[in-house]
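In: model this:
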Amino acid sequence: MKKIEAFIRHEAFDEIRNRLADMGLPSMSISEVKGSGRQGGYTESYRGAKTTIFMRPKLKLEIVVDDNDVDRAVDVILELAHTGEPGDGKIFIIPVDDAVRVRTGERGDVVLAPHPEDAPGG
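Out: Below you'll find the model as predicted:
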């Protein structure tokens, strides 16, 4: 199992979420975050005072997938988050040693799959 953490622009999220769900990877978490990178800051004026903003708003997408799905998921994020401009974001891939489904106590890769009763028609 791997955890994919992707820092992306807000406007890329809906398409990424839809495409991952269509691929059978619907489970994810998102957080609104702020960060800085190579794109640098931008200057705003507020009541005549100029301020440089270095922390840009981003979404942090977190998804844990089977090792076999890592490349497919990363390819979707790359395709849909890429604009070619500074600030497109970053993707980190982190090993996951184990996972536990709280409801049942199940462990391991089975946690990534829905229960039969959760599946359509189940």
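In: ok, now how distant is residue 94 from residue 105?
Out: Applying CB to CB, to the nearest Å, the value for residue 94 to residue 105 is 24 Å. Bear in mind the C-beta positions are built from the backbone N, C-alpha and C, glycine included.
In: Show me which of the two is the more surrounded one.
Out: Applying other CB atoms under 10 Å to residue 94 and residue 105 shows that residue 94 carries more neighbours, namely 11 against 7.
In: Now the nearest residue to residue 72 once chain neighbours are set aside. Its backbone dihedrals?
Out: The shortest distance from residue 72 to any non-neighbouring residue, by CB to CB, 6 or more residues apart in numbering, is to residue 23 (6.3 Å). Residue 23 has phi and psi values of phi -80, psi 0 when expressed as degrees, to the nearest 10.
In: and what of the one 10 residues further on?
Out: Residue 33 has phi and psi values of phi -130, psi 170 when expressed as degrees, to the nearest 10.
In: In the sheet, which residues pair with it? Tell me.
Out: Beta-bridge partners for residue 33, by DSSP bridges, are residue 58.
In: now swap in residue 8 and tell me
Out: Here residue 8, judged by DSSP bridges, has bridge partners residue 59.
In: Give me the neighbour count for it.
Out: For residue 8, the count of nearby residues is 22 (other CB under 10 Å).
In: Against residue 110, how distant is the residue nearest to residue 72?
Out: 19 Å.
In: Now do the strands in the protein.
Out: All strands of the chain, identified by DSSP state E, fall at 2-8, 29-35, 42-46, 49-53, 56-65, 90-95.
In: Which of these has the lowest mean pLDDT?
Out: Among those, strand 42-46 has the lowest mean pLDDT, at a mean of 74.
In: which other helices and strands contact that one?
Out: In terms of contacts (3 or more CB pairs under 8 Å, 6 or more residues apart in numbering; DSSP states H and E), strand 42-46 is packed against strand 49-53.
In: Which other helices and strands does the strand it packs on contact?
Out: The contact analysis (3+ CB pairs under 8 Å, 6+ apart) places strand 49-53 against strand 42-46.
In: List of residues touching the strand it packs on?
Out: Contacts to strand 42-46, defined as CB atoms under 8 Å, 6 or more residues apart in numbering, come from residues 50-53.
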